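Q: give the three-dimensional model of this entry:
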Amino acid sequence: MSETRAERLADALDVFLRACPEVEALAVSSGDGLPMVTALPAGMDEDHVSAVMASLLALAERTCTAVDRGRLRLLWLEADEGGVCLMAAGRRAVLAAVVDVDAKAGMILHEMRRAASRIGEALDEVTERTGSGDQ
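A: This is a model prediction of the structure:
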């Protein structure tokens, strides 16, 4: 029996978390900010995190378009206590990672691209097979 979409998404997050222990939280959200799958610590609200992350990515994409820089590939925010990295995961989702202040950016970005690719493939496969993303 093949894995469900939810299992494939959760597996992509698990692989990412095993490869990068500096990642403190992960979320996959729909483009309109609804949580699809998350790995968040206690106290982080998945609905709120997903909505904010999707909004931030949409704003960054509009910024790139407005200044004629092409398609956004990634958004990295640095703060006193760590960082947040966002990137598109296929055509319909946003992958967000909250990372420790000592995180190795190169490794995080490498694993994030791998996870985003796996997530995008899982979501796009459902869309192509069913004609919608409701599976």
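
Q: name the residues of the longest helix along the chain that are buried.
A: Longest helix in the chain, counting residues (DSSP state H): helix 105-130. Neighbour counts using 16 or more other C-beta atoms under 10 Å place 108-109, 111-112, 115-116, 118-120, 122-124, 126 of helix 105-130 among the buried residues. All C-beta spots, glycine's among them, are computed from the backbone N, C-alpha and C.

Q: by contact count, what packs against the lowest-mean-pLDDT helix or strand in the chain?
A: Of all regular secondary-structure elements in the chain, judged by mean pLDDT, DSSP states H and E, the least confident is helix 105-130 with a mean of 84. Helices and strands touching helix 105-130, by 3 or more C-beta pairs under 8 Å, 6 or more residues apart in numbering; DSSP states H and E, are helix 5-19, strand 23-30, strand 82-88, strand 93-100.

Q: deepest-packed of these, please.
A: Most buried of the helices and strands packed on helix 105-130, by mean neighbour count (mean count of other C-beta atoms under 10 Å): strand 93-100, with a mean of 25.

Q: CA atoms only: put that strand into PDB for me.
A: Extracted as PDB, the C-alpha positions of strand 93-100 are listed here (Å, rounded to 0.1, in the frame of the first residue of the first chain):
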ATOM      1  CA  ALA A  93       2.700  25.200  -0.400                       C
ATOM      2  CA  VAL A  94       5.100  27.100   1.800                       C
ATOM      3  CA  LEU A  95       7.900  25.300   3.800                       C
ATOM      4  CA  ALA A  96       9.000  27.300   6.900                       C
ATOM      5  CA  ALA A  97      11.900  26.400   9.200                       C
ATOM      6  CA  VAL A  98      12.600  28.100  12.500                       C
ATOM      7  CA  VAL A  99      16.300  27.600  13.300                       C
ATOM      8  CA  ASP A 100      18.700  28.000  16.200                       C
END
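
Q: who are the packing partners of that strand?
A: strand 23-30, helix 46-66, strand 82-88, helix 105-130.
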